[in-house]
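1. just need the structure, nothing else, for what follows:
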Amino acid sequence: MHYRQCVMSSVAHLSHLSVRFCRSDAVTRTQNILPIEIVAENRQLSSCFCAQRHRIQVIASAMVGLGFALWFTRAAKSKNAASADIRLSRTADRCKTSNRKAFSVSIERGSMISVSHAFLVTAALFAPALLRAQASELSVMSELRSLATATTPQPPAMVIKIASDIRALPAGQRKLQLADGLAHLASRDDPGQKAIQAVADTLAQSLAEFPLSDTGDQPPAPYTDLAKLIRYEHVTTTLDYPFLAKAIQKLVADDADVERADFTLKDLQGQDVTLSRLRGKVVLVNFWATWCGPCRLELPDLNDFYSRFKSQGLVVLSITNEESLKVSSFVNKTGYRAPVLLDSESQAAKRFHVENLPRSFVFNRKGKLVALAVDQRSRRQFFQMLAAAGLRP
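-> Take a look at the predicted model:
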């Protein structure tokens, strides 16, 4: 856990001390911090600490305040103080960083107490929970790295476990980032519908707990990623949020653009290939790159499909924006035989709304878009896409 300790000083002879933690607003959410203030006798002490917003939730701040309260109560009793009045109240006082409402934990006492000692005691009580939360986060990050770098298909149980581990994390931006990261990886290696649904449920839960604000014309990325799982992986969700509906509408519009799109690109032999002239054939358009690991894992299957179904009218077009010499060298080494087209200015990629690699599109003999994949596909999944266009193994 990373803390940015601003100032911590000992203050004696306090007649009134308040620990305040501010509600999050758009400003602090953007800055990713949660301020906590210590106030004495209506003036701010030179004592505060700031922590990353996704690492410490409101409940954690409450624990800090209660820790101070318990310590002061005990100290007051041990010193035979006349009274120790602890009050929990909601106040409209202004926080230091912005004009927001705050919750306040107030302790009134008449004996001398060191604020630094109180902080140390509270930190000792609070640290184990924070360390456990950090350990859980680090464990999830390690699992995601393993999933991202795996060179062989991972079992569905692994994806389901990671989704479960993320759901158990405290609500906040960090949890949402991890859930969104899993959504980017989960559809690889064909983990099955149960695993994909678990990933979608985790992302939906994270968004429900930590909804994002408007970022302009486009919905925030996590809503778009959930929309892709709904539209292309056929999962369901109970999340009802305008940004999600907007993201789904955009995908529908993008798919309509793809169905109308056309291009003329040169292959590695310098011959022009025009998509619209391939009507009457089943066309699988695959955007890829030599540096893309998941793309390279798809090539053997695409090569096999091209050889096996060419006589049935299948055309596989592999499109890349890389230089001709680099691509030719790669193709010669791998023995890839399907046509490779050069999209040096990424014009075809833009018309197909390609945002990540690999991405695959299947058109039937009438030129209708019948299947789309936004990530690496397995052999079984490619067969399903081709079957939607009328091809059978």
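2. how about S346, nearest residue that isn't a chain neighbour?
-> Nearest residue to S346, sequence neighbours excluded (CB to CB, 6 or more residues apart in numbering): N321, at 4.8 Å. All C-beta atoms are positioned from the backbone trio N, CA, C, and that covers glycine.
3. burial count for that neighbour?
-> Neighbours of N321 under the rule other CB atoms under 10 Å: 18.
4. and it, how far from T236?
-> From N321 over to T236 the distance is 36 Å, taken as CB to CB, to the nearest Å.
5. run through the helices of the stretch 101-250 of the chain in chain order.
-> Counting by DSSP state H, counting those that start in this stretch, one finds helices in the stretch 101-250 of the chain at the ranges 115-149, 156-167, 173-186, 193-209, 221-232, 242-260.
6. other SSEs contacting the third one?
-> In this case it means helix 173-186. Other helices and strands packing on helix 173-186, by 3 or more CB pairs under 8 Å, 6 or more residues apart in numbering; DSSP states H and E, are helix 115-149, helix 156-167, helix 193-209, helix 221-232.
7. where does the protein have its least confident helix or strand?
-> Using mean pLDDT, DSSP states H and E, strand 3-7 stands out as the lowest-scoring helix or strand of the chain, at a mean of 33.
8. just send the helices and strands packed on helix 173-186 back as CSV, with distance to A387 too.
-> Converted to CSV, the helices and strands packed on helix 173-186 look like this (distance: least, CB to CB, whole Å):
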stretch, distance to A387
helix 115-149, 28
helix 156-167, 22
helix 193-209, 17
helix 221-232, 16
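9. which residues are contacting stretch 139-153?
-> 154, 158-159, 161-162, 165-166, 169, 178, 181-182, 185, 189-190, 293, 378 (CB atoms under 8 Å, 6 or more residues apart in numbering).
10. now with 10 Å?
-> Contact with stretch 139-153 is made by 154, 158-159, 161-163, 165-166, 168-169, 174-175, 177-179, 181-182, 184-186, 188-191, 293-294, 297, 378, as judged by CB atoms under 10 Å, 6 or more residues apart in numbering.
11. list only buried entries from those.
-> Applying 16 or more other CB atoms under 10 Å to the contacts of stretch 139-153, the neighbour count classes 154, 158-159, 162-163, 165-166, 169, 174-175, 177-179, 181-182, 184-186, 188-191, 294, 297, 378 as buried.
12. that older thread, how about the residue nearest to S346, what does it touch?
-> The contact partners of N321, taken as CB under 10 Å, 6+ apart, are 287-289, 327, 342-349, 354, 357.
13. narrow the residues you listed to those in strands?
-> Among these, the ones falling in strands (DSSP state E) are F287, L342.
14. quick one: buried ones out of the contacts of N321?
-> F287, W288, A289, V327, L342, D343, A348, A349, V354, L357.
15. go through these and name the one nearest T274.
-> A348 (11.1 Å; CB to CB).
16. could you check how far that closest one is from K326?
-> When distance is defined by CB to CB, A348 is 18 Å away from K326.
17. how about L265?
-> As judged by CB to CB, L265 and K326 stand 16 Å apart.
18. what does the domain assignment say about this protein?
-> If you go by automatic domain parsing, the domain ranges for the chain are 3-127, 150-259, 262-387.
19. now do the same contact list for D257.
-> With CB under 10 Å, 6+ apart, D257 has these contacts: K350, R351, F352, H353, L369.
20. cool, and Q154?
-> Contact analysis of Q154 by CB under 10 Å, 6+ apart lists E143, S146, L147, I162, L185, A186, R188, D189, P191, A195.
21. confidence-wise, which of those comes last?
-> When these are compared by pLDDT, D189 scores lowest at 77.
22. need the contact list for it.
-> D189 touches 147, 150, 152-156, 158-159, 195, 294, 297, 375-378, 381, counting by CB under 10 Å, 6+ apart.
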